[in-house]
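Undergrad: Sharing a model that was predicted from the sequence below.
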Protein chains: 4
Amino acid sequence: MTEILAQYLATRARTEHLCAPLQVEDYIPQAVEFTSPPKWHLAHSSWFFETMILRKHLPGYRVFDDTYQFLFNSYYNNIGEQAARNQRGMITRPGVAEVYKYRKYIDSSISKLLSGTYDDEVRELLILGINHEQQHQELLLTDLKYTLALNPTFPVYDPGINLVNDENSTNGWLNISEGIHDIGHQSDGFCFDHESARHRVFLHEFEISKSLITNGEYIEFIADGGYQEFHHWLDDGWSWINRENINNPLYWHKTDGNWFNFTLAGLQAVNANAILSHVSWYEAAAYASWKGCRLPTEFEWEAASDKLNWGKRWEWTGSAYLPYPGFKITEGAVGEYNGKFMINQMVLRGSSVATAAGHSRKTYRNFFYPHSQWQFTGIRLAR
Amino acid sequence: MTEILAQYLATRARTEHLCAPLQVEDYIPQAVEFTSPPKWHLAHSSWFFETMILRKHLPGYRVFDDTYQFLFNSYYNNIGEQAARNQRGMITRPGVAEVYKYRKYIDSSISKLLSGTYDDEVRELLILGINHEQQHQELLLTDLKYTLALNPTFPVYDPGINLVNDENSTNGWLNISEGIHDIGHQSDGFCFDHESARHRVFLHEFEISKSLITNGEYIEFIADGGYQEFHHWLDDGWSWINRENINNPLYWHKTDGNWFNFTLAGLQAVNANAILSHVSWYEAAAYASWKGCRLPTEFEWEAASDKLNWGKRWEWTGSAYLPYPGFKITEGAVGEYNGKFMINQMVLRGSSVATAAGHSRKTYRNFFYPHSQWQFTGIRLAR
Amino acid sequence: MTEILAQYLATRARTEHLCAPLQVEDYIPQAVEFTSPPKWHLAHSSWFFETMILRKHLPGYRVFDDTYQFLFNSYYNNIGEQAARNQRGMITRPGVAEVYKYRKYIDSSISKLLSGTYDDEVRELLILGINHEQQHQELLLTDLKYTLALNPTFPVYDPGINLVNDENSTNGWLNISEGIHDIGHQSDGFCFDHESARHRVFLHEFEISKSLITNGEYIEFIADGGYQEFHHWLDDGWSWINRENINNPLYWHKTDGNWFNFTLAGLQAVNANAILSHVSWYEAAAYASWKGCRLPTEFEWEAASDKLNWGKRWEWTGSAYLPYPGFKITEGAVGEYNGKFMINQMVLRGSSVATAAGHSRKTYRNFFYPHSQWQFTGIRLAR
Amino acid sequence: MTEILAQYLATRARTEHLCAPLQVEDYIPQAVEFTSPPKWHLAHSSWFFETMILRKHLPGYRVFDDTYQFLFNSYYNNIGEQAARNQRGMITRPGVAEVYKYRKYIDSSISKLLSGTYDDEVRELLILGINHEQQHQELLLTDLKYTLALNPTFPVYDPGINLVNDENSTNGWLNISEGIHDIGHQSDGFCFDHESARHRVFLHEFEISKSLITNGEYIEFIADGGYQEFHHWLDDGWSWINRENINNPLYWHKTDGNWFNFTLAGLQAVNANAILSHVSWYEAAAYASWKGCRLPTEFEWEAASDKLNWGKRWEWTGSAYLPYPGFKITEGAVGEYNGKFMINQMVLRGSSVATAAGHSRKTYRNFFYPHSQWQFTGIRLAR
């Protein structure tokens, strides 16, 4: 078996492994427009391989089901119309078993394709598809957590899982002196299109924290009236917390003066020493302001990254998600992967406890809206 | 086995029979706030027996699960807080199998209760619970249809079912002369509280149609520009069809000049001779206006009912849902059954192809908002 | 001068008299979709005479300004398109002075028309137009009050005006025995189309209060937790007070434990002996329920009206606004006056302190949505 | 008279000169939350001088009216609560004449203050207040245009004014070679806080257009189906044009195949040679994509600015509005001027035909949300 096929199959297996604790019922609901049901993630990641690779590159390939092109297209206008994004929870048929059949069918087709000769385009699309599925693995977990949290009984996904209790292994500040830095991807390995072109950025001297903010540190902010004091907040953030009645990170509940948070292992006491998770950019920026600091830019983060411990939380940066100099949108559907989202979102760097092993790298750019809380997001300060 | 127990068990069995064609996935989604998932209907109708009867009247009864009182309370404020009405689709746990266990537990508990001596209050509550479950049987079907219709693949619930193809067996007009009529329930049999007090109503002479409007007749209204001509519509109805872009009965689709409708047996051509279904009160009133007629009041309907064929569609009347003279709200949770809904809704009379056998009667009052289309509703004219 | 011309001119003069305390600025704002600016009322009531009478019946009549037909049409689809209902506050031109010129032009044209011979249709339309303008006089005052109340400085319309301090002149209960009553208009005088056809209604025996609820009585309801106790409320009303955070009649403010209300004379202490005003139907029904009573139906009210003192507040009834037996929509624009609003609204009977003298009568039917609070509405109980 | 007083008085006079064509009615309406009535601009710019300077720095100063602190505070939380931002159109009192009195009172107080000795803080706040009022002059015009455009009669503000007919005086591309550039303000003159700290930015080689896009060029984009082709649009922009039904720049209307636009001089034919105005960032970015170009970053713009003709339109850049390295929020109310808006908005550079003379400079940073169209915004391409 070739290395790429092994990698493909391992990725596919991990997705299904993540679903092992689920009952059929859990595969169905879509809580809000920005989350998707587990079943949809299973099908869509398969649809990606079918649509981007098998249809064009496997001679004689027969699509598994004609309706899937419409049902499981996320947002690729190049491919055609899509089922309504906010109605994914209504698609009870095909059922879960049928979607697993679809996955097997795709897997055997990909295996067949890779058993013959194939060109570089196929190889590149395959690696893209693997990375795409890894992204959906993380979304599957975070979306699932969001849905389970809406059940007043706080159901347990896996009593043994622990994604929010990691602690910092170091602390203090790292100083980076001013100068021109090369930013963006350059090695031979895979990267997403938006990590290029590699280009030069001038950075002034700065300091960046070696550790991420802990729950305990954030509780001090709350206890100091952080959510009631407009000075710390950007105007849109202040409107947001007041309109949505936000008083704490997502999944936190205060009972008899103590903080609890809903986790994939059920409701647990908040561990003060653990790294904070599930804060929006607005909250990250407000906390930084309260501390007399700021968030690092994505360029500062990348310049310092070799000397940082990173990987427990997606780290909000002070950079808006915009194209690098020389960025080009790829032709066709693949070009809709990143470029069309380059407005209104903020860049996150690093990776999280829910990210697939080997998926991220120091040039990796994640991006979410500034009010998003449902990812495993954290805060690293700069000054 | 007593007759009442037999009736109870038959009703319970029918509910589960209606679910026989479902996959586990189908039990979960809640399409909109006014519909509920099949699983919720299964659990809530059991919760009703547990809450209204078993907790108080079966000595030594142990509740099946403490969380259910909260999870499956629909709107009974007397019982306590309820899970958010628009989040019923998020409750993946308890799973479907667990809910069926709950049903069995309730059934054996009720059987046990009825095997001993029990007073009239229990008997009356039991009959109420049976009627309550029959109402939820109809909602289960209509809610399910609403959800399945949102799947772009038009899935089939049961290829053999046919709920929208009945035709009229008679036609012409029935004349009723003026006079005082007794309205409301009087026999010894069960009725809901809002069917009483029996009282007198003076009716002027009127004519009422012996048949319901057919699809073919309604297509004439559409073809005549009925949805584009403000003269036929009440102002709120005109706003509604324009705001919601309503151009036909719910579930209808026009393809290449022909009308199709989504049914529980899948997408089918509209049968011109069959009785029209799935129209709102606004549409019913607009159609009547176009024909130079009007809808009968609920009193006219009841006065004529002995001479009418009724039972294929819930028939919109021109009467608002209001209390009869002498109507009294019952003490306690049971009092929340009907009385608190007596505003903003219109009365429907008769019964539909989806109504449980024996459930309705000529004094029965059903009620929905004037924009509701998802029940098996039809039009009978008066003049 | 003929009597009808005198009546016309007196009505026109009263409208302008009501505007005497206004500054130009006050003529402009539209607070919400259901209110209109004073300038709009001035122009629309003139538009009515121009459109319904002068254009057709005064030979050689030249319209004052072509754009007015569009700008000042309220909701008459028969006349043509209308300026957006919720954008009336944006129409700064024509200015106030120009609208007064328009009024003078209409007045002199009507005078000219009435100085010649004219047929009965003109006479009837003129009386309709006078009654129409009287309705807009009341709306002008209630809309203005709504707008002024949004100014945090509580501006004074007229320090000498007192519309909410009247007290009851009698009390106790009136008993009406059962029987058939004639309902609807029958004299030769003017009535709106929806007051006919006169018809018979059977009423069971009932009692109706001779007095309206006072502020003091309503304060007891509030003090007893009336707005926090679901038992008193219809379900839609309970949703409404919780969604909109309603805790008292419109315009009431509690300061240091005392109730104040905004009036057209500015902010004043609530007078406990005065008749309650500015409650919605939901509040009226909840209060009645709390007292163990109910609201009278519009038929009961009319049957008892000769023995009642009425006229300080529009009195909410328990009747939905629906057509009488035999009601016919008039051909043409005039037919849009009432009939198309016969859904979702509740009937009010009587008249208010803001109603033009002689405008109302015992068969008069007013109607508003059950959440409307901004009219001078009150509560009379029945049982 | 000192130079600063002369400057102050000239600015104040220009504001009032802009209002000369208005009728009292025009001063009142607020069309949408993001616009304000002329009267509010007149009062708020005076409130700024009163609150930031006179209250603290003119001994014995008596505030004109206590309620104004609340009524005319825009968004300064440091000063206290504010009247609801979306209800500015309801504040009919104080009237227009009273607000002009307020202006005179402020002017004489400022004159008095400047006739004595005052420190540098006063001088700096005065210059800030002058620049603040200049910004509100532009908003007054653009907000007024927005309101007048909602009147179906297209009223004329000033028949002689012509703000959208300027043409480019040059064209072609300017090449800037790569290197480190100093960005931000450094001279002794006034600048806003967000123009500093002056810092270094590395720029790769780029080309920037010497001209702005014309109406004729943009009409080609429309005619080529630009608004129907998803490829050109960022995802949020594509959602925006579809949700809001945007098919052209703001104020454009197509009649019989020809384009007209509403201007402050009334409805006029679109001049193909004139510079395009009233496009959102989404539209600017889509146009650039269609041309195979992009928008310049704010740093590129500033680096090239000495060689560009700029000043007819605010030019959308590809830069998000974020703090410069070393940016510090000022203590107190003045610190709320810019910093708290540094999220979700895009930077515009240059100035427009509606900008006060001498107000802008090459380091000036303007900012609006990417969907904003109501400013005099245009497109300059880069590549």
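TA: Everything's here; your move. Since the model is a prediction, treat every value here as computed from it, not as a measurement.

Undergrad: Who is the residue in the stretch 101-250 of chain A positioned nearest to chain D paired with across the strands?
TA: With CB to the nearest CB, the shortest gap between the stretch 101-250 of chain A and chain D falls at A:Phe202, namely 4.0 Å. Glycine gets a C-beta too; all of them are placed from N, C-alpha and C. According to DSSP bridges, the residues that bridge with A:Phe202 are A:Ile180.

Undergrad: these two touch, right, it and D:Val201?
TA: Yes: using CB atoms under 8 Å, A:Phe202 is in contact with D:Val201, at 5.9 Å.

Undergrad: quick one: common contacting residues for those two?
TA: D:Ile180 (CB atoms under 8 Å, 6 or more residues apart in numbering or on different chains).

Undergrad: which SSE is the spatially closest residue to A:His199 that is not a sequence neighbour in?
TA: Closest residue to A:His199 apart from its sequence neighbours, by CB to CB, 6 or more residues apart in numbering or on different chains: A:Pro325 at 4.8 Å. Under the criterion DSSP states H and E, no helix or strand holds A:Pro325.

Undergrad: Tell me the backbone dihedrals of the residue lying closest to A:Leu9 once chain neighbours are set aside, please.
TA: The spatially closest residue to A:Leu9, leaving aside those adjacent along the chain, is A:Asp107, at 6.9 Å (CB to CB, 6+ apart). Dihedral angles phi and psi of A:Asp107 (degrees, to the nearest 10) take the values phi -60, psi -40.

Undergrad: For whichever residue of the stretch 51-200 of chain A sits closest to chain D, give its distance to A:Glu33.
TA: Nearest residue of the stretch 51-200 of chain A to chain D: A:Asn77, at 4.5 Å (CB to the nearest CB). As for A:Asn77, its distance to A:Glu33 is 17 Å (criterion: CB to CB, to the nearest Å).

Undergrad: and what of A:Arg361?
TA: In this view, A:Arg361 and A:Glu33 are 30 Å apart by CB to CB.

Undergrad: more neighbours, those two?
TA: With neighbours defined as other CB atoms under 10 Å in any protein chain shown, A:Arg361 and A:Glu33 compare such that A:Arg361 has more, 14 against 11.

Undergrad: That one: what's it in contact with?
TA: If you count contacts by CB under 8 Å, 6+ apart, A:Arg361 has them with A:His185, A:Gly189, A:Cys191.

Undergrad: Test my guess that the first one contacts A:His194.
TA: So that's A:His185. No: taking CB under 8 Å as the definition, A:His185 is not a contact partner of A:His194, at 9.5 Å.

Undergrad: Strands of the stretch 51-200 of chain A, residue ranges please.
TA: Using DSSP state E, counting those that start in this stretch, the strands found in the stretch 51-200 of chain A span residues A:173-176, A:179-183, A:199-203.

Undergrad: can you check the stretch 201-350 of chain A too?
TA: Under the criterion DSSP E, counting those that start in this stretch, strands of the stretch 201-350 of chain A are mapped to A:206-209, A:252-255, A:258-263, A:266-269, A:314-320, A:346-350.

Undergrad: Out of these, which gets nearest to chain C?
TA: strand A:252-255 (22.3 Å).

Undergrad: Give me the neighbour count for the residue of the stretch 151-300 of chain A found nearest chain C.
TA: The stretch 151-300 of chain A approaches chain C most closely through A:Asn245 (13.4 Å), counting by CB to the nearest CB. Counted with other CB under 10 Å, residues neighbouring A:Asn245 total 7.

Undergrad: Turn the strands of the stretch 201-350 of chain A into TSV, including distance to chain D and mean pLDDT.
TA: Output for these, formatted as TSV (distance: least, CB to the nearest CB, whole Å; pLDDT from 0 to 100):
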stretch	distance to chain D	mean pLDDT
strand A:206-209	8	98
strand A:252-255	23	96
strand A:258-263	26	98
strand A:266-269	32	97
strand A:314-320	3	98
strand A:346-350	8	98
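
Undergrad: got the ones you listed as JSON lines, with mean neighbour count and distance to B:Asn171 columns?
TA: Converted to JSON lines, those look like this (neighbours: other CB atoms under 10 Å in any protein chain shown; distance: least, CB to CB, whole Å):
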{"stretch": "strand A:206-209", "mean neighbour count": "20", "distance to B:Asn171": "83"}
{"stretch": "strand A:252-255", "mean neighbour count": "14", "distance to B:Asn171": "63"}
{"stretch": "strand A:258-263", "mean neighbour count": "18", "distance to B:Asn171": "61"}
{"stretch": "strand A:266-269", "mean neighbour count": "14", "distance to B:Asn171": "63"}
{"stretch": "strand A:314-320", "mean neighbour count": "26", "distance to B:Asn171": "69"}
{"stretch": "strand A:346-350", "mean neighbour count": "26", "distance to B:Asn171": "67"}
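
Undergrad: mind checking which of those strands is nearest D:Leu42?
TA: strand A:314-320 (35.6 Å; CB to CB).

Undergrad: and that closest one, how far out from the chain's middle?
TA: Strand A:314-320 has its C-alpha centroid displaced from the chain centroid by 13 Å (CA atoms, centre = their mean, to the nearest Å).

Undergrad: quick one: that strand to strand D:346-350, angle?
TA: Angle of strand A:314-320 versus strand D:346-350, following axes from the mean of the first three to the mean of the last three CA atoms, to 10 degrees, is 20 degrees.

Undergrad: which outside residues touch stretch A:69-89?
TA: A:28-31, A:33, A:36-37, A:40, A:43-44, A:46-47, A:51, A:63, A:91, A:332-333, A:335-336, B:28-29, B:89, B:150, B:152-153, D:230-231, D:235.

Undergrad: Buried ones among those?
TA: Among the contacts of stretch A:69-89, those classed as buried by 16 or more other CB atoms under 10 Å in any protein chain shown are A:28-31, A:36-37, A:40, A:43-44, A:46-47, A:51, A:91, A:333, A:335-336, B:28-29, B:89, B:150, B:152-153, D:230, D:235.

Undergrad: The stretch 151-300 of chain A against chain B: which residues are in contact?
TA: Contact residues, the stretch 151-300 of chain A versus chain B (CB under 8 Å from any CB of the partner chain): A:Asn151, A:Pro152, A:Thr153, A:Pro155.

Undergrad: Could you pick out the residues of the stretch 1-150 of chain A near chain D for me?
TA: Neighbours of chain D within the stretch 1-150 of chain A, by CB under 8 Å from any CB: A:Tyr75, A:Asn77.
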